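# One predicted model, sequence on top.
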Amino acid sequence: MFGGIRKRLESMRAIRMLCRQAELHARRDAKTEPGAEHFMLAALDLPDGTARAAFAQVGANASSFGDAIAHQYDEALRHIGIEPPTVPRHGPRGDAGSAGGGLYHTSASGGQVMRALTAGRKDHVPLVGAHVVAVVADMEQGVAARALEAMGVDRGALKRAAEGAARA
């Protein structure tokens, strides 16, 4: 009984950290709501290390994911005839704080990530970064999917590696 409660508390702490970090990454990208790509970056920040382990298992450099996202943003701007800014995208580091009281808001892709994560929480396994990687790797569209493709990452292999890392 107490083991289940402890695991739920661990998951709650991980979700709180995940959401704060995703919000911080979104703000650094001048976004008001975090998307799937920001949750992936946040998963890579989690201290459990499982997200980075999943990337390493498929031979991908997790530290390159942020650059791949920036490249996707730049390409989207170029596609509509706007030259991307040459100034650094990322603002100062620090605590994301809270965007405001009330409900937590995400972009559509961020909401998809959160729904998928909460749907799988019934098994009382503590949430780790690899769970987020598995969910995002399973997404067929969006900035995160295009960034993984640009990195040459096989999303299916990354999902399987993340699922294995989450069970370990």
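Ah, there it is.

# C-alpha from now on. contacts and neighbour counts both.
Fine.

# And stretch 29-49, what's buried?
Residues of stretch 29-49 classed as buried under the neighbour-count rule (16 or more other C-alpha atoms under 10 Å) are 29, 33-46, 48.

# Quick one, grab the pLDDT at A96.
A96 is assigned a predicted lDDT (pLDDT) of 42.

# Out of the buried residues of stretch 29-49, which one has the weakest pLDDT?
When it comes to pLDDT, D29 is the least confident member of the buried residues of stretch 29-49, at 88.

# check which helix or strand covers the spatially most central residue of the chain.
Within the chain, the residue whose C-alpha comes closest to the C-alpha centroid is M40; the distance, by C-alpha atoms, centre = their mean, is 1.6 Å. The secondary structure element spanning M40 is helix 36-45 (assigned by DSSP states H and E).

# Determine the set of other helices and strands touching that helix.
Packing partners of helix 36-45 (3 or more C-alpha pairs under 8 Å, 6 or more residues apart in numbering; DSSP states H and E): helix 2-28, helix 50-57, helix 65-79, helix 108-119, helix 129-137, helix 143-150.

# Touching that helix from outside, list them.
Judged by C-alpha atoms under 8 Å, 6 or more residues apart in numbering, the contacts made with helix 36-45 from elsewhere in the structure are 18-19, 21-23, 25-26, 51-52, 62, 65-66, 69, 109-113, 128-130, 132-133, 136, 143-144.

# just the angle between that helix and helix 108-119, please?
Calculated by axes from the mean of the first three to the mean of the last three C-alpha atoms, to 10 degrees, helix 36-45 forms an angle of 50 degrees with helix 108-119.

# Buried residues of stretch 105-113, list them for me.
H105, T106, S109, G110, G111, Q112, V113.
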